[in-house]
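**Student:** model this:
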Amino acid sequence: MTQRPRMLMCPPTYFEVSYVINPWMARHVDGVHRSRAQAQWDALHALLSARAEVRLIEPAPGLPDMPFTANAGVVLGDTFVPSRFRHAQRKGEEPLFEHWFAQQGYTIQALPEGLDFEGAGDALLDRGQSLLWMGYGHRSDAACADILGTMLDIEVIPLRLSDARFYHLDTCFCPLQNGALLYHPAAFDDASRALIEERVPAHRRLAVGADDAAAFACNAVDVNDAVILNRASDALRDGLRGLGYDVIETPLGEFMKSGGSAKCLTLRLDEPR
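**Tutor:** Numbering: from 1, shown residues only. Coordinates of the predicted model:
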């Protein structure tokens, strides 16, 4: 029997937009509809719970972005590399996530002091080869790539993010099963697009246009044969179905006010070495 995927989520008890650390937040300070956000999170949780084992971490007051568990760190096998947040508003999450992973039996490997790194928001494992893609330029430092490669004994390809709206890699880049890729090419500089095209053949790359990217279509969760996302155009749904995926849309507009969607609200706990 195939083992169910494992994921970490955090209830949005204290979720709000109370500061601005990315362009999406600028128009939405104090603009979150709390009950709607809870209902949207509940719907995502239900969809994932039907397909995976979902574990929860207790939310904490004063940390409104804690539901974005993808930013907690990066998991590979039984190793957890915790994030070192660039912005002071999120640094309070660091000890809470480290404690949770230590309690679950993970080996904690910390990056050197002075480096910014925002976990699986910027570090995504390829689904077809032993490879870690790492975004940098807005939240994570490029210097983390070589260090992560040594710590985790894996090849790391750094990709420079050139559009401030796509401040984390997972907002514009989603590795899919069998080495396929969902991505928004315009979010990367020329050199990084060339790296992507070199490692992922054209027939496995599904380019996302501006409208789908702005709806956070790349911030998707792939679980088994389903891709769960906020919204997709007809063309994108057709493209994902052509790759063998069942496309499931679930509205996450309240979380987009803070610059996140489905992928940001989850962290895979069972990434194999």
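
**Student:** Show me what counts as buried in the host helix or strand of D238.
**Tutor:** Per DSSP states H and E, D238 falls inside helix 234-242. For helix 234-242, the neighbour count (16 or more other CB atoms under 10 Å) marks L236, R237, G239, L240 as buried. In short, each C-beta sits where N, CA and C put it, glycine included.

**Student:** try stretch 89-108
**Tutor:** By neighbour count on 16+ other CB under 10 Å, the buried set for stretch 89-108 is Q89, R90, E93, E94, L96, F97, E98, W100, F101, Y106.

**Student:** possible to save those residues as a markdown table with pLDDT and secondary structure?
**Tutor:** Formatted as a markdown table, the buried residues of stretch 89-108 follow (pLDDT from 0 to 100; DSSP: H, G, I helix; E, B strand; the rest coil):
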| residue | pLDDT | secondary structure |
| --- | --- | --- |
| Q89 | 98 | helix |
| R90 | 98 | helix |
| E93 | 98 | helix |
| E94 | 98 | helix |
| L96 | 98 | helix |
| F97 | 98 | helix |
| E98 | 98 | helix |
| W100 | 98 | helix |
| F101 | 98 | helix |
| Y106 | 97 | coil |
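
**Student:** just checking, V200 touches L182?
**Tutor:** No. In this structure, V200 is not within contact of L182 by CB atoms under 8 Å, at 10.6 Å.

**Student:** between the two, which one's more packed in?
**Tutor:** L182 (27 against 21; other CB atoms under 10 Å).

**Student:** right, and the secondary structure at the more buried one would be what?
**Tutor:** Of the three states, L182 takes strand according to DSSP: H, G, I helix; E, B strand; the rest coil.

**Student:** tell me the contacts of it?
**Tutor:** Counting by CB atoms under 8 Å, 6 or more residues apart in numbering, L182 makes contact with F173, C174, L176, L206, V208, A217, C218, A220, V227, L240.

**Student:** Excluding chain neighbours, what is closest to the third one?
**Tutor:** By that I understand L176. D222 (5.3 Å; CB to CB, 6 or more residues apart in numbering).

**Student:** Doesn't the one you found belong to a strand?
**Tutor:** Yes. Under three-state DSSP, D222 sits within a strand.

**Student:** That one: neighbouring residues, count only.
**Tutor:** The burial count for D222: 23, using other CB under 10 Å.

**Student:** Please apply the same query to H87.
**Tutor:** 14.
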